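Chemist: The following comprises the amino acid sequence and a computationally predicted model.
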Amino acid sequence: MAQHDTPVKLLAIAGSARAGSLNRQLAEVAAHKARALGAAVTLVDLRALDLPLYDEDWAQQHGKPEGARRLRALFAEHDGLLLASPEYNALPTPLLINAFDWLSVVPAESGEGGLPGGTAVTAGKPVGLMAASPGALGGIRALPIVRTYLSTNFAMVVVPEQLGLPLADQHLGEPHALKDSKLDGMLDRVVAAVVRQARWRLQAA
């Protein structure tokens, strides 16, 4: 049985990398809330992974991209995920799907101390889903697709709690909380569920 004081380590990822991204801001607020619950949080910039468009012919010529291996290492080092996934035409963003598609084909490393394959490092780990949009629906239409994608292909435990943040440009701007107390409470529940699930998993290890 793991020690109860083992710190939970979470990744926080936004599916948008544009300057001023609302989803990046939402991921940062969620990260602050997780830290307040005692978790250590690493923010990941998917653009910085510098991944090409997924292409198996490219991979046959060049090998799996270093950015995909880095993403695999990050998941191996962390216990769960806070994911702010924007909606593009009712779908998750190409940036997000491309990164996880590359992750899925990173092979296990042989030898002592080698890391498992890309889908093995995600298996059983909790993830909380969020979306932010300046529109009225808050990006919520893409989240069922992300839920199925992560639970089916990566065996992640997607917590039931989720948040679609409408009119996000009006509710974001503070570093530690959303301006609307009801929506902020919903975000609290998403973050708390992920931290709780990650702690249970560590204690059972």
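Modeler: Sure thing, it's come through. Residues are numbered from 1 along each chain as shown.

Chemist: Show me where the protein dips below the pLDDT cut-off.
Modeler: Along the chain, segments meeting pLDDT under 70 span 1-5, 112.

Chemist: the strands in it, which residues?
Modeler: Assigned by DSSP state E, the chain shows strands spanning 9-14, 40-44, 80-84, 126-132, 157-165.

Chemist: hey, which of the ones you listed is tucked in deepest?
Modeler: strand 80-84 (a mean of 29; mean count of other Cβ atoms under 10 Å). For glycine as for every other residue, the C-beta is placed from the backbone atoms N, C-alpha and C.

Chemist: what angle separates that one from strand 40-44?
Modeler: Put simply, strand 80-84 runs at 50 degrees to strand 40-44, going by axes from the mean of the first three to the mean of the last three Cα atoms, to 10 degrees.

Chemist: What residues are bridge-paired with residue 41?
Modeler: For residue 41, the residues forming beta bridges with it (DSSP bridges) are residue 10.

Chemist: Restrict stretch 133-147 to CA atoms and write it as CSV.
Modeler: What follows is stretch 133-147, C-alpha atoms only, in CSV (Å, rounded to 0.1, in the frame of the first residue of the first chain):
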residue,chain,number,x,y,z
SER,A,133,-15.8,29.2,-25.6
PRO,A,134,-17.0,32.8,-26.0
GLY,A,135,-20.2,31.2,-27.4
ALA,A,136,-23.4,30.2,-25.5
LEU,A,137,-22.6,26.4,-25.5
GLY,A,138,-19.2,26.6,-23.9
GLY,A,139,-17.6,24.0,-26.2
ILE,A,140,-19.7,21.3,-24.7
ARG,A,141,-20.5,19.5,-28.0
ALA,A,142,-17.0,18.2,-28.4
LEU,A,143,-16.6,16.8,-24.9
PRO,A,144,-18.5,13.5,-25.5
ILE,A,145,-16.2,12.8,-28.4
VAL,A,146,-13.1,13.4,-26.2
ARG,A,147,-14.6,11.3,-23.5
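
Chemist: Centre of the chain to it, how far?
Modeler: 15 Å (Cα atoms, centre = their mean, to the nearest Å).

Chemist: ok, now stretch 121-141?
Modeler: 8 Å.

Chemist: right, and residue 162 touches residue 130 too?
Modeler: Yes. If you go by Cβ atoms under 8 Å, residue 162 and residue 130 touch, sitting 6.7 Å apart.

Chemist: Need the single longest helix in the chain, by residues.
Modeler: Counting by DSSP state H, the longest helix found in the chain is helix 181-204.

Chemist: wait, isn't residue 115 in contact with residue 109?
Modeler: Yes. Counting by Cβ under 8 Å, residue 115 touches residue 109, with 5.1 Å between them.

Chemist: So if I had to pick from the two, which one is more boxed in?
Modeler: residue 115 (17 against 13; other Cβ atoms under 10 Å).

Chemist: Return the residues in contact with the more buried one.
Modeler: Listed by Cβ atoms under 8 Å, 6 or more residues apart in numbering, the contact partners of residue 115 are 72-73, 76, 108-109, 121.

Chemist: what about burial for the residues you listed, which qualify?
Modeler: The neighbour count (16 or more other Cβ atoms under 10 Å) marks 72, 121 as buried among these.
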